[in-house]
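A.B. asks: curious how this folds, go ahead:
(one chain, ligands or ions: 1)
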Amino acid sequence: MDHPLNTSTATSALVRAATGVRTDSPPIWFMRQAGRSLPEYREIRRGTTMLEACLTPALAAEITLQPVRRHNVDAAIFFSDIVVPLKLAGVAVEIVADVGPVLAQPIRTAAAVAKLQELTADSLAPISIAVGAVVSQLGDKPLIGFAGAPFTLASYMIEGKPSRDYLHTKALMYSDPETWDALLTWAADISGQFLRAQVQAGASVVQLFDSWAGALSLPDYVERVMKYSARVFGHLADLGIPKIHFGVNSGELLGAMRDVGADVIGVDHRLPLDVAAQRLGASVPLQGNIEPGYLFAPWETLRSHVDDVIVRGRSAPSHILNLGHGVPPTTDPDVLTRIVAYVHGEE
Ligand code: 1CP
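C.D. replies: Presented below is the predicted three-dimensional model:
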């Protein structure tokens, strides 16, 4: 199969904006657009665990397409999770409802890291099949592939569950650099292979989520984390694919996150896009950054906020409109549909 970037998606608004071409209005998609805000998602997920849904190709493909049909967003994002490659590599992990990823045994020692297995190409088959099924139904709309960056992934592995302060993670980072290096190198390789499989099966853009990198100072990010994120993108070096890099609360890290090898920097809602653009010398396409809290405000209030984000986004060479972080599960999906219609000039 010819890759969609060579046949159908190269002229899409999302791919153009991701490669620095300014579009009349910004292409729009939402982080976490699939999932709990959608009644059709809650319905199709009944009786299936989150990871079963991710690893059943027909189900993962259908859930990926649900928000595209409902909201008419400019891109799909593959329905999966950042811990899926851990599961495929044999790590005992589950996604617990209303909690998030939980490991049977946190991985905090050199011995535990030494036991981690490599990912095999065979084990990625459910991912390739699901991506192929999505892409065959998307036409000229691009699919965004994604993975977790090594720091964020390692934080779940070391803490064993979602954390607020990342103290076990930082304890390992500061006290045992060799084990840290081995763990982040392993995480970089499985995320890199997970992304590569999605691109080879037809994803046109990728996003690397370093959701929790904002917990680090810039010097720590530069000295102890950055090279592993660069290693993830290294797995895609020959594929010529636009790469988005996103973190929460990462306003101090923007330049370093670009230097990892990103084409687009995702900015959360804490930093206005014109300020982010200025920090990056107005040379980097930006993605973001509607404050998710506005989804619960009256339409006129939300609409002026969206207008403000679009105006500030013009300070960057190009702009992909998104939220500053994921869609909250309690969001009224009609509000998301209305934002898309408004941005597309249909309201
Ligand atoms: O049963 C359910 O529905 C569980 C909720 C859920 C969903 C729908 C989880 C558990 N993951 C997902 C899908 C998912 N995860 C997607 C695809 C859907 C889409 O974007 O439309 C993506 C891109 C992710 C990526 C992900 N998982 C990130 C990075 C993005 C972000 O939000 O910062 C992170 C940090 C995770 C871990 C995770 N998985 C699930 C939860 C609840 C969490 C976060 C837990 C925490 O607070 O630490």
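A.B. asks: just how off-centre is whichever strand or helix holds Val199 within its chain?
C.D. replies: Val199 belongs to helix 177-200 when assigned by DSSP states H and E. Here helix 177-200 is found 15 Å from its chain centre; the criterion is C-alpha atoms, centre = their mean, to the nearest Å.
A.B. asks: that helix: what's the following helix or strand?
C.D. replies: strand 205-209.
A.B. asks: buried set for the helix holding Val199?
C.D. replies: Within helix 177-200, the residues scored as buried using 16 or more other C-beta atoms under 10 Å are 179-180, 183-184, 186-200. Where you see a C-beta, it was placed from the backbone N, CA and C, and this is true even at glycine.
A.B. asks: what subset of the residues you listed is also close to the ligand?
C.D. replies: With C-beta under 6 Å from any ligand atom as the criterion, those include none near the ligand.
A.B. asks: can you list the residues of the stretch 51-200 of the chain near the ligand?
C.D. replies: 77, 79, 81-82, 95, 97, 100-101, 146, 152, 162.
A.B. asks: show the end-to-end separation of stretch 133-147, please.
C.D. replies: End-to-end distance for stretch 133-147, by C-alpha to C-alpha, to the nearest Å: 19 Å.
A.B. asks: list the contacts of that stretch.
C.D. replies: If you take C-beta atoms under 8 Å, 6 or more residues apart in numbering as the criterion, stretch 133-147 is touched by 4, 8-9, 11-12, 14-15, 29, 57-58, 61, 64-65, 68, 74-78, 80, 82, 85, 131, 191-192, 194-195, 198-199, 201-209, 232, 244.
A.B. asks: repeat for stretch 321-328
C.D. replies: Outside stretch 321-328, the residues within contact range by C-beta under 8 Å, 6+ apart are 26-33, 35, 37, 211, 248, 266-270, 287-292, 295, 306, 309-310, 313, 336, 343.
A.B. asks: so which of these are in strands?
C.D. replies: Among the contacts of stretch 321-328, DSSP state E puts 266, 287-290 in strands.
A.B. asks: nearest to the ligand, of these?
C.D. replies: Among these, Gly266 lies closest to the ligand (C-beta to the nearest ligand atom), at 10.0 Å.
A.B. asks: isn't that closest one right next to Ile244, touching?
C.D. replies: Yes - if you go by C-beta atoms under 8 Å, Gly266 and Ile244 touch, sitting 5.6 Å apart.
A.B. asks: Ile320 falls within a strand, correct?
C.D. replies: Yes - according to DSSP: H, G, I helix; E, B strand; the rest coil, Ile320 belongs to a strand.
A.B. asks: in the stretch 201-347 of the chain, what residue comes closest to the ligand?
C.D. replies: Closest point on the stretch 201-347 of the chain to the ligand, by C-beta to the nearest ligand atom, is Ser211, at 3.2 Å.
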